[in-house]
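for reference, the sequence and a predicted model appear below.
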Amino acid sequence: MPERHSFPAFEELKQETQGVDVLVELAPPPFEAAVDWLFDVEYLERKAELLERRDAARRRYQEGQRRIESTYGTVVVRALDRRADGDQPRFDVDRMATELADAKAAVDGLVADLDEAFLTRAERRKLSELESDIVAAREYVRNKRAFDEGYDALAGDLEAFEERFEPYAGAERYMVTSDREFLVGASRDIWADLSDLARELQLHVLPDEDARWLSEHKTRFGELVDAIPAYNEEFVANERDRYADLLEDRPEHGPLNDQQQNAVVRDDRRNLVDASAGTGKTLTLTYRFQYLLEKGVPAGDIAAITYTKDAAEEMAGRIAAATGVDEDDLDISTIHSFALSIVDDATVGSGSGDEETDLGDALDSLVDDYLEAAMADEKPDEADVPYPDVYGDFLAAFREFRRVDAEEEYVDTHAGWNQSRTDFLRSKLTTFVDNARTFDLEPADVRRKIDETAPIQFTFATAGVALLEAYLRRVEATEHPIDFDEMIYAATELIESAPDRFASRYSHVLVDEFQDVSDATLSFVEAFMSGDTETHLFCVGDDWQSIYGFNGSNVRYFTEYGERFEDVTYTPLEVNYRCPPSIVRAGAALMARSEAPQNDKPVTACSDLETDPTLHELDGLYEAREPGYVVDLVEDALASGYDLEDVMVLSRNDRNSTVLQQVREELARREIPHQRPDSVPDYVPESTHETFDREVVFDDSGDAAFESGPDEMGPDAPPMVTVQSVHASKGTEAPVVILAHAVDDDPEGIPVEERTDELVDPAIDISANHFAEERRLFYVALTRSEAEFHAVTKAGRTSRYVEDVRDYFEVVEPEFTLEGKCTEFTPPADDSNRPFKATLDCVDFEAPLMAWPNNDPPRLEEGAVYRITDPVVEEGPFGEEIRYDRSTVELLTSYVSTSSGDSDDPNPRARADDPGDD
Ligand SMILES: Nc1ncnc2c1ncn2[C@@H]1O[C@H](COP(=O)(O)OP(=O)(O)OP(=O)(O)O)[C@@H](O)[C@H]1O
């Protein structure tokens, strides 16, 4: 059936006609004809006009529609086909978009230009279908274009992300901090961009491949946004699972705790374990070494640096035993041996054989040459010394120094009692140059620090600077480094200049006691990170134990490490496995009061031992009583079941220390085996020699002694009490620790008296606060203890650090009882009011006694042995004296004639205990 056309314009006309018909019917007859006539004329005109407009509109429509279809039909159809197939457009999307925009404009123009009222419904539908096809095609192209643009904008970010993420895709590696920060940020940004894009697009309109890409990437990045921050945690958990055997099942002690296990497996570029004493830092470092070996890292790719040779040997022994790797294949050494090995390696075959390679020799011989010639006042052209021009400067300053010294008698006043002038000057000059090297001061730096208004310092330091110049010339002229500092600098330079050769040799460098780094050692360690090497650092340390400021170390390198370098992961360890809870709490309280900023470190004790540290405040004759008292404590410990090696006696100083020297003498007198300072054979009483299958030597005093320190003795080493300085005790532990001479602000106390050395000061550049460093030293001493800690001090002069934590101490006021033989007795002349005087030989010391006649004291008998209970010590004209009277003196043994052979018994206590002697 043909379509019935219907036009609204004609409908309107028709309605109008019907309206006129009704009007005609209602009108009276003559008027009716007139209306008809009028209407016919009007109607016919309008009808003709309408027909004309209709035809024009239809013509325009048909032409327009045809034109649009022929111009744009193909592009619309193609677009719609792709859209329908979910396929990619097969030609240029931009051109397509332009053409479709034109098509839309053409349709819009046509519609605007058309009087649609003259179109049939079918024509209108067709037009609207054309319009909507164009719109749909445009929608497809717009989405596709927006997707492509979004994709292009993301492509760079995605590539960068994938490249950085690629090493971690298998979850086999710890994510380095800078990568992690980048990947966290990038994954968030990419996810946000993908989400924006998806929001902006109609996915169903996109080609399927694009829609799929978008939704898959959006999902992936949605997951990565959560996964990347948690990546390392997961890695660590997996790694801990995989190596649980190593980390949890070792029989010699319990499993490593969570924090220790984390520290072992975390593997940033730089890993820092910052933890207080006894929390297992060294143990964790040892485990990290083993873990790396178990992971398959070749032993030769791992280097460990310890603070002392003993610690290196102990660690190597432990790792070799645990892993079966030959000890010789383990690269564990002190930083100096490590640097030396690098320098040696680099200079092999360079003809360094003739050079002075013995560290220290170069300086010693230079000081000797200059000093000897200058003491003999040899002129530069007479003297057989290197660098005569510098010697000339040295001599001029040295002559001035001697002139000033002759007036001020400086050397005579300051030299040790058995030290010659030359020895004194030699030691000061060597220390001067040594210090300048340690603190890396150039001659000009030292010169600036000299006080020109102080003649002694000015003349001596001017000579010192000349010597430093000569030494630096020698350093320069010598191919092989000739001192420790030079060694470190040279090794650092070598590594930095050839990272491929030296730094990349190690994939892992582990460093113990990292808080003690100096400028030079820090540069050395960091040199391993130079170039494109993949070396990873693992350092353990504790700023609370930084005690080598005088040696050039600077705790700020440790505390500010994370700010100075990139890719640092910190791991705390918060359980102390060594000390009883009271000591752990006292240590934390001590450090909370530090004079210098310290890192905060929460710590709890693992032990449930209820021992409190003990404070022994000796009064009266302190200096004389102290060694005997300290050794009494050693004997008490031995008597209560501790072994010799369980006891450690410490003091602020060792070399030149009267305190430890006297303690050692007392230990030897009581035949207790004990350690002596480096290079001096340790003491073992003759009676025990045959017990040990070792060669025994006898020292000058006739004491039997082993040739080396306890750690080097091997399995046959005899057990002995450790006696050493607090510095030397770092990193060690013992059940019983006795800190002798915990006296405040004393030449051998803690804090040690802050001493300036007028001669050497210009060559020193210590940045550490003296009292803060001494506090840390006290902290080290306190935290060596596994059970008992005893601080022995003089009543009224107790160390400020003990005072800071006195509440944690059990305070013992030892009863002061003197027992000894009266060796001298001087009664006053009868008529005088002068005191009786006597001396009691208490073996450990001589006690001067005094009594006034009106106190009615007993008359003492020379040669008899007395006990004085609770004696009152007073300051007399010749020092401390003990007042005695009848109520305090008790006769233990009457005078025994020397012919009996007993009178020289050095141990009156034994006699007093013997009832048969009464
Ligand atoms: N997880 C553990 N279980 C049992 N004992 C442990 C554990 N961790 C450490 N220890 C023990 O605690 C003591 C202290 O360990 P370590 O010497 O490694 O600590 P440190 O932090 O290096 O101490 P310091 O800084 O005082 O030298 C050692 O006797 C060690 O064997």
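Happy to help now that I have it.

list the buried ones in stretch 678-685?
For stretch 678-685, the neighbour count (16 or more other Cβ atoms under 10 Å) marks P681, D682, Y683, V684, P685 as buried. All C-beta atoms are positioned from the backbone trio N, CA, C, and that covers glycine.

again, but for stretch 50-63
L50, R54, A57, R58, R60, Y61.

also stretch 208-221?
D210, A211, L214, H217, K218, F221.

please compute how far stretch 283-300 lies from its chain's middle.
Mean-position distance between stretch 283-300 and its chain equals 20 Å (Cα atoms, centre = their mean, to the nearest Å).

show me what it is in contact with.
243, 246-247, 253, 256, 260, 263-265, 273, 302, 304, 315, 318-319, 322-323, 325, 329-332, 505, 507-508, 510, 512, 538, 540, 573 (Cβ atoms under 8 Å, 6 or more residues apart in numbering).

okay if I get the buried residues of stretch 50-63 as a markdown table plus secondary structure, distance to G280 and pLDDT?
As requested, the buried residues of stretch 50-63 are exported to a markdown table (DSSP: H, G, I helix; E, B strand; the rest coil; distance: Cβ to Cβ, whole Å; pLDDT from 0 to 100):
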| residue | secondary structure | distance to G280 | pLDDT |
| --- | --- | --- | --- |
| L50 | helix | 104 | 84 |
| R54 | helix | 100 | 86 |
| A57 | helix | 95 | 87 |
| R58 | helix | 97 | 87 |
| R60 | helix | 93 | 90 |
| Y61 | helix | 91 | 90 |
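
re the thing from before, okay, the buried residues of stretch 208-221 in a markdown table with pLDDT next?
Shown next, in a markdown table, are the buried residues of stretch 208-221 (pLDDT from 0 to 100):
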| residue | pLDDT |
| --- | --- |
| D210 | 94 |
| A211 | 94 |
| L214 | 95 |
| H217 | 96 |
| K218 | 95 |
| F221 | 97 |
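
what's the closest of these to V411?
Lowest distance from V411 to the buried residues of stretch 208-221 (Cβ to Cβ) belongs to F221, with 77.5 Å.

does the closest one count as helix, strand or coil?
Under the three-state scheme (DSSP: H, G, I helix; E, B strand; the rest coil), F221 adopts helix.

which residues are in contact with it?
Listed by Cβ under 8 Å, 6+ apart, the contact set of F221 reads S187, I190, W191, L194.

what sits closest to the last one if chain neighbours are left out?
Counting by Cβ to Cβ, 6 or more residues apart in numbering, the nearest residue to L194 once its immediate chain neighbours are dropped is K218, at 4.5 Å.

how about the first one?
Counting by Cβ to Cβ, 6+ apart, the nearest residue to S187 once its immediate chain neighbours are dropped is L224, at 4.2 Å.

need the contact list for the residue in the stretch 801-918 of the chain positioned nearest to the ligand.
Taking Cβ to the nearest ligand atom, the ligand has its nearest neighbour within the stretch 801-918 of the chain at Y801, 16.8 Å off. Counting by Cβ under 8 Å, 6+ apart, Y801 makes contact with L590, A742, I750, P751, E774, R775, F778, Y779.

looks to me like it is in a strand.
No: assessed with three-state DSSP, Y801 is helix; it does not lie in a strand.

state the pLDDT value of F706.
Looking at F706, its pLDDT is 44.

save the buried residues of stretch 208-221 as TSV, and put in distance to the ligand and secondary structure too.
TSV is the format used below for the buried residues of stretch 208-221 (distance: Cβ to the nearest ligand atom, whole Å; DSSP: H, G, I helix; E, B strand; the rest coil):
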residue	distance to the ligand	secondary structure
D210	55	helix
A211	55	helix
L214	50	helix
H217	45	helix
K218	45	helix
F221	40	helix
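
what does the domain assignment say about the chain?
Domain ranges of the chain: 1-242, 258-355+498-540, 361-478, 605-672+721-812, 817-917, per automatic domain parsing.

circling back: what residues are up against the residue nearest to L194?
By Cβ under 8 Å, 6+ apart, the contact set of K218 is W191, L194, S195, A198.

hang on, the last one is in a helix, isn't it?
Yes: checked against three-state DSSP, A198 lies within a helix.

how much space separates it from the ligand?
50 Å (Cβ to the nearest ligand atom, to the nearest Å).

ok, the third one next?
Using Cβ to the nearest ligand atom, we find S195 at a distance of 46 Å from the ligand.

could you find the closest non-adjacent residue to that residue?
Nearest residue to S195, sequence neighbours excluded (Cβ to Cβ, 6+ apart): K218, at 6.3 Å.

who in the stretch 451-600 of the chain is up against the ligand?
By Cβ under 6 Å from any ligand atom, the part of the stretch 451-600 of the chain that sits against the ligand consists of D542, Q545, Y577, R578.

mind listing what's buried in the host helix or strand of E181?
Assigned by DSSP states H and E, E181 belongs to helix 177-200. Neighbour-count burial for helix 177-200 flags 177, 179-180, 182-184, 186-187, 190-191, 193-194, 197-198 (criterion: 16+ other Cβ under 10 Å).
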